[in-house]
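Novice: Give me the fold of what follows.
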Amino acid sequence: MNIERMLFFDNIRKDENVKRAVNIIENGSSTAHADIRHAESDYYELQRSLLRNVKFGDPELTFWQNYLLSLVADSENAYSLAAEKGMPDDLTLRLVEGDIIEIKRLMEIDWGTASPRMHDDRPCVCMVKAPVEDDGRASAIYKALEKDPAEAARGLAEYYRKKMCGELGRYKAFVWNGDLRGVEHPDPITFDDLIGYKVQQEQLIRNTQMFLDGKRANNVLLYGDKGTGKSSSVKALLNKFAVDGLRLISLPKDRILEITTVMNRVADRGCRCIIFIDDLSFEASEIQYKKFKSVLEGGVEVQPANVLVYVTSNRRNLVKEMWSDRGDNGEVHTRDGMEERQSLADRFGLTITFSEPDKKLYNEIIKSVAKREGVDIDEETLMKEATKWDMRQTGRSGRSARQFITHISGR
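Specialist: As a prediction, the model looks like this:
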């Protein structure tokens, strides 16, 4: 093995566990005491690291194989990034064959001959099948690498085109905290879980489908009454379209001025990203809305073609407006100031309204949630209790319906 021959997969070439594995194979049979001690130290440290870090993969493969395949999946390099957007050029495909040969040699290390040299009767973790959660990545890459180097180069490129590389391939939802933090367990909600608002959901789905198809699509403002399913609808989009390359990035309001950084982080990648800002509103004194407005439309920087911004809010105009804004507040051109504050919402090409459900729809939501949750209670009693609950709430919504079912289930 000679991992220094690798031209693309730097993360494998520089990985400490890979270096340990190479040292074990090269020095494990040495007669020099120092070499033996060094190989022995690497041998146990490698096993400890695999036990800590290998959580996902193919249950039919070993800890070592799954670890190595995760490095292949996570590698963001000139070959994998080009593959996200289509088949790399012939020169890149030819050059990456050397990397693939070295990866396959690493995959085929015979740990059965290496472990006896350590005089340890316990099974070598490297050669034990890993009890991992199958995320589909390892098995797909392993299947591609089974071919000869030329075919493997094309097969692996096809994998990256469909599944992407790095964190964008590993996760489908992210939170921006100065960098992308992958969400291990995103909300599994689907549109089947959301009762009512079909017209609004169809508008949202249609716009997102056009986006994924590479057609022109709009940034979206979802506004309306609290608890009506605005945020849930956006999260349901992810579960509907993640397999088609959609990724969702949640951007907190206190980091909204970093939105261009987020856009640049995912620009020109093979995926389509929605930057999701939940429950957004500004006080009139907050000037952040002016920069945010210029990012959406009218600024020097162009919004990347693979990025849209979806925002939810309880306010139609996003910026809080006082009665003084409509009267004599000391501003010479009062109308100009008012229009500036209202113009932020106009930067969204599509505005979708979610209003509080009427009594009939609210009852339908309650019955649907009760059925889904397996609440064993007759409909008459359910509706009678729902009416009592409704009288104690500040407004009807899907959220209050779910809270009622949680309440009645506990009783």
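Novice: And the strands in the stretch 151-300 of the chain, which stretches?
Specialist: 173-176, 180-182, 220-224, 246-250, 272-277 (DSSP state E, counting those that start in this stretch).
Novice: Pick out the shakiest of those, pLDDT-wise.
Specialist: Lowest mean pLDDT within those: strand 220-224, a mean of 91.
Novice: Give me the residues contacting that strand.
Specialist: For strand 220-224, the external contacting residues (C-beta atoms under 8 Å, 6 or more residues apart in numbering) are 200, 204, 207, 230, 233-234, 308-316, 318, 345, 348-356. From N, CA and C alone the C-beta is placed, and that goes for glycine too.
Novice: ok so, going back, with mean neighbour count and distance to residue 97 added, can I get the strands of the stretch 151-300 of the chain in a markdown table?
Specialist: Formatted as a markdown table, the strands of the stretch 151-300 of the chain follow (neighbours: other C-beta atoms under 10 Å; distance: least, C-beta to C-beta, whole Å):
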| stretch | mean neighbour count | distance to residue 97 |
| --- | --- | --- |
| strand 173-176 | 20 | 33 |
| strand 180-182 | 15 | 31 |
| strand 220-224 | 24 | 44 |
| strand 246-250 | 23 | 30 |
| strand 272-277 | 22 | 31 |
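Novice: Including distance to residue 124, could these go into TSV?
Specialist: Listed next are the strands of the stretch 151-300 of the chain as TSV, based on distance: least, C-beta to C-beta, whole Å:
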stretch	distance to residue 124
strand 173-176	36
strand 180-182	31
strand 220-224	53
strand 246-250	38
strand 272-277	42
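Novice: Which one, of those strands, ends up nearest to residue 5?
Specialist: Of all the strands of the stretch 151-300 of the chain, strand 180-182 sits nearest to residue 5, with 31.2 Å by C-beta to C-beta.
Novice: what's the closest one packed up against?
Specialist: Counting contacts by 3 or more C-beta pairs under 8 Å, 6 or more residues apart in numbering; DSSP states H and E, strand 180-182 is packed against helix 167-170, strand 173-176.
Novice: before we move on, the earlier item: buried members of the contacts of strand 220-224 into ChimeraX, please.
Specialist: A single ChimeraX command selects the buried members of the contacts of strand 220-224 (16 or more other C-beta atoms under 10 Å):
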select :200,204,207,230,233,234,308,309,310,311,312,313,314,315,318,345,348,350,351,352,353,354
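Novice: so of the contacts of strand 220-224, which ones are in helices?
Specialist: 200, 204, 207, 230, 233, 234, 345 (DSSP state H).
Novice: was I right about the fifth one contacting residue 197?
Specialist: Yes - look at residue 233 against residue 197 with C-beta atoms under 8 Å: they come within range, at 7.4 Å.
Novice: And the ones in helices among the contacts of strand 220-224, which is closest to residue 66?
Specialist: Set against residue 66, the nearest of the ones in helices among the contacts of strand 220-224 by C-beta to C-beta is residue 234 (33.2 Å).
Novice: contacting residues around the closest one?
Specialist: Residue 234 neighbours (C-beta under 8 Å, 6+ apart): 204, 222, 248, 274, 276, 278, 310, 312.
Novice: Out of those, which is nearest to residue 127?
Specialist: Nearest to residue 127 out of these is residue 248 (C-beta to C-beta; 38.7 Å).
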